[in-house]
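Asker: here is my input; please provide its structure:
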Amino acid sequence: MRKLLNTLYITTQGSYLHKERETIVIKNGDDKIGQLPAINVEHIMCFGQISVSPFLMGFCGESGIGLSFYTEYGKFLARVQGPQTGNVLLRRSQYRIADDETKANDIAKIFVAAKIANARTVLMREMRNHGENPAIKSAVLRLNDSLSNCAKSERVAQTMGIEGEAAANYFGVFNELLRGSGFEFNGRVRRPPTDPVNALLSFIYALLTSECASALQGVGLDPYVGFLHQDRPGRLSLALDLLEEFRAPIADRLVLTLINRKQLQLKDFVQEGSGATRLTDDARKTVLMAYQERKQDEITHPFLNEKMAIGLLPHYQALLLARHLRGDTAYYPPYLLK
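Answerer: Numbers count the residues shown, from 1 in each chain. Prediction:
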């Protein structure tokens, strides 16, 4: 069983990271604010004006430690990548399948079906815990239709259209799930997020995307070549594919928890002159702590039937995907929320 290692979230502006023997040192000015063994670190995520020594960058790339850079508001900027791991034959198989419309769509449909099924489960849990809601019940029925349509889809573009329709139906009732005072959600807005809920969703999605990319690289796959999301320079298409099955069970549920338990208030968000909404520094730290805690929660994997931390799901799903692309399994088993 793979061990869940630590993720460092560096948010203090002006911090500097460097390597000292076999440890990672975090400084701010002349003050040392942290030092820990590199062997216990799996990811380092830097937000805003954070500096990293070239030697530590090289060490991270060589050692397989994920090192990612974001704006202060959580927009992904760059990631340090070391030598590509894994068998080149696996990546050649990935590229061949991605170029085959039928085979690519077979995998794309699995990602989309898992996303729809997990979104439906989140809505059904809401009704089970808080009583019948006509709007949510109607959305669940429409998601059932989307699942049926997904199974019959013959082209990637058609599958992507079904995904978009299902997402619109799901987010169309997302406001019904919010109980935090003053929070309202009128639909998904991405670039830039214009309200607190969208800002929170985008921030956590960015974190998960980076972890999916690292997991895919760890098993030897190319995170930039996907099956559902089409190729685009700089876009982590396969990481975005893998993200789909985790959006509702990990990211969306965390957003609901933070708002409904009043761990975040409207005062924790700032609206800029451009109309973009962002988290304050303290709120971002609150989210990162809650995200780390959530990753420690244990679940029983529905396919592997093994107990594991939620934070390990991207790694195990990447491994299952690699096995399928190698031809070891007949299909890719996605993560489905029970």
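
Asker: what about the nearest residue to His301 once chain neighbours are set aside, neighbour count?
Answerer: Of all residues not flanking His301 in the chain, Met308 sits nearest, at 5.9 Å (Cβ to Cβ, 6 or more residues apart in numbering). Yep, even glycine has a C-beta here, placed from its N, CA and C like the rest. Neighbourhood size, Met308 [other Cβ atoms under 10 Å]: 17.

Asker: same deal with the one 5 residues further on?
Answerer: Number of residues near Leu313 (other Cβ under 10 Å) recorded here: 23.

Asker: what sits against the residue nearest to Ser51 when sequence neighbours are not counted?
Answerer: Of all residues not flanking Ser51 in the chain, Tyr16 sits nearest, at 4.6 Å (Cβ to Cβ, 6+ apart). Residues near Tyr16 by Cβ atoms under 8 Å, 6 or more residues apart in numbering: 26-28, 50-53.

Asker: what's the spacing between the residue nearest the centre of the chain and Gly311?
Answerer: Geometric centre of the chain, nearest residue: Leu208, 2.2 Å, by Cα atoms, centre = their mean. Applying Cβ to Cβ, to the nearest Å, the value for Leu208 to Gly311 is 10 Å.

Asker: ok so, going back, could you pull up the mean pLDDT of whichever helix or strand the residue nearest to the centre of the chain is part of?
Answerer: Applying DSSP states H and E as the criterion places Leu208 in helix 196-218. Over the span of helix 196-218, the pLDDT mean works out to 88.

Asker: over to the closest residue to Lys285 other than its chain neighbours: give its phi and psi.
Answerer: The shortest distance from Lys285 to any non-neighbouring residue, by Cβ to Cβ, 6+ apart, is to Thr11 (5.9 Å). Here is the backbone geometry of Thr11 (degrees, to the nearest 10): phi -120, psi -10.

Asker: list the residues that contact Thr11.
Answerer: 47-48, 281, 284-285, 288.

Asker: dump those to a markdown table, plus distance to Gly275, pLDDT and neighbour count.
Answerer: Formatted as a markdown table, the contacts of Thr11 follow (distance: Cβ to Cβ, whole Å; pLDDT from 0 to 100; neighbours: other Cβ atoms under 10 Å):
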| residue | distance to Gly275 | pLDDT | neighbour count |
| --- | --- | --- | --- |
| Phe47 | 21 | 78 | 25 |
| Gly48 | 21 | 81 | 18 |
| Asp281 | 21 | 82 | 16 |
| Arg284 | 20 | 86 | 20 |
| Lys285 | 25 | 87 | 15 |
| Leu288 | 25 | 88 | 21 |
